[in-house]
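In: The sequence isn't on hand, but the structure is:
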Ligand SMILES: NC(=O)c1ccc[n+]([C@@H]2O[C@H](COP(=O)([O-])OP(=O)(O)OC[C@H]3O[C@@H](n4cnc5c(N)ncnc54)[C@H](OP(=O)(O)O)[C@@H]3O)[C@@H](O)[C@H]2O)c1
């Protein structure tokens, strides 16, 4: 029987998940499908009831449903509960399970891009305090980093996130971000700034130490102005597309029982799609 999977959101036309999962289904010769489905907020509970009843093997959940989905699944992983959001759902024994794979995706890509990074990273600077910052702060804390500094335009949001995730996260003022560059071994942009259609990220990299890792999770464009400038100053750069690819792996493994690989060929397909955008 065809294993049917989905990505739900509202709107959903922009999602690149079908490209990723479709390529893996074809590569492994599986009897499966992965569709984009527009589900309005008022229809989420009814849609998930259909998943629970067996219409689908599972799928991904994106904006604006991630928080509501956490309340509607039967079992949430520890990570999803800590994130307050679910991005991956699967059916097991008639029950709906939910996980959040953003932290794992971020770390998997960082591990592949800069092997052994955790041996020399003591201080991380995270720009932003939204959903992605929460996942990355959580993931970096789990890896045992000594100091994780959050800066965000809305200061209260950074303070709340630092409090929620606990030590070693600390919140500092958005205006301090330029000076904090010199203290960081790893800098992560999790704001929407620098993304196509958004204002640029203003971050003075004059104090950047050569060898500092600069990771921008924005992936449209593939190469952001932040990454260009960081590389020019001797930084080690990591782009956002790898996170998107790696966060998809755990879901596919649950739905199809096969662990897919993030290959250069798959990455090239996504790059071509982004360049067309
Ligand atoms: N590579 C990946 O796999 C991946 C995964 C998830 C997200 N992302 C990307 O990460 C970004 C954030 O996603 P999210 O889910 O965390 O979104 P979110 O929860 O809406 O958070 C948005 C963040 O951007 C900040 N921001 C937005 N406009 C700003 C501005 N003009 N000036 C200063 N700060 C601004 C917000 O600050 P305030 O709190 O002050 O509003 C907040 O910290 C998006 O670009 C998204 O595409 C990439």
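Out: Perfect, I can see it now. All of these numbers come straight from a predicted model, not from anything done at the bench.

In: Domain-wise, how is the protein divided?
Out: Per the record, the chain has its domains at 3-101+248-276, 103-242, by automatic domain parsing.

In: Let me have those in TSV, extended by mean neighbour count, mean pLDDT and distance to the ligand.
Out: C-betas here are computed from N, CA, C, even on glycine. TSV is the format used below for those (neighbours: other C-beta atoms under 10 Å; pLDDT from 0 to 100; distance: least, C-beta to the nearest ligand atom, whole Å):
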stretch	mean neighbour count	mean pLDDT	distance to the ligand
domain 3-101+248-276	18	97	7
domain 103-242	18	98	2
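
In: what packs against the helix or strand harbouring residue 158?
Out: Assessed by DSSP states H and E, residue 158 sits inside helix 155-165. Identification of packing neighbours for helix 155-165 by 3 or more C-beta pairs under 8 Å, 6 or more residues apart in numbering; DSSP states H and E yields helix 131-142, strand 147-152, strand 169-173.

In: Apart from its chain neighbours, what residue comes closest to residue 109?
Out: Nearest residue to residue 109, sequence neighbours excluded (C-beta to C-beta, 6 or more residues apart in numbering): residue 242, at 3.3 Å.

In: Check residue 96 too.
Out: Residue 96's closest residue in space is residue 73 (C-beta to C-beta, 6+ apart), at 4.5 Å.

In: From what I see, the one you found and residue 98 are in contact.
Out: Yes - counting by C-beta atoms under 8 Å, residue 73 touches residue 98, with 3.6 Å between them.

In: what is in contact with those two at once?
Out: Residues touching both residue 73 and residue 98 by C-beta atoms under 8 Å, 6 or more residues apart in numbering: 80, 86, 89.

In: who touches the helix or strand encompassing the last one?
Out: Residue 89 belongs to strand 88-92 when assigned by DSSP H and E. Contacts made with strand 88-92 from outside it, assessed by C-beta under 8 Å, 6+ apart, are listed as 48, 51-52, 54, 56-61, 69, 73, 96-101, 250-251, 254-255.

In: ok now do the most centrally placed residue in the chain, which residues does it touch?
Out: Geometric centre of the chain, nearest residue: residue 102, 3.6 Å, by C-alpha atoms, centre = their mean. Each residue near residue 102 by C-beta under 8 Å, 6+ apart is listed here: 83, 87, 131, 132, 135, 136, 243, 247.

In: Same question for residue 30.
Out: Residue 30 sits in contact with 3, 24, 256, 258, where contact means C-beta under 8 Å, 6+ apart.

In: Isn't residue 125 up against residue 183?
Out: Yes - checked against C-beta under 8 Å, the pair residue 125 and residue 183 is within contact range at 7.3 Å.

In: Identify the contacts common to the two.
Out: Contacts common to residue 125 and residue 183, judged by C-beta under 8 Å, 6+ apart, are residue 149.

In: tell me the SS of residue 33?
Out: Reduced to three states with DSSP: H, G, I helix; E, B strand; the rest coil, the structure at residue 33 is strand.

In: Can you give me the distance of the spatially closest residue to it that is not a sequence neighbour to residue 167?
Out: Distances taken as C-beta to C-beta, 6+ apart place residue 4 nearest to residue 33, at 5.1 Å, with adjacent residues excluded. Using C-beta to C-beta, to the nearest Å, residue 4 is found at 44 Å from residue 167.

In: Please report how far residue 273 lies from residue 170.
Out: 38 Å.

In: now the helices: where do they sit in the stretch 1-150 of the chain?
Out: Counting by DSSP state H, counting those that start in this stretch, one finds helices in the stretch 1-150 of the chain at the ranges 17-27, 44-52, 66-72, 78-83, 102-113, 131-142.
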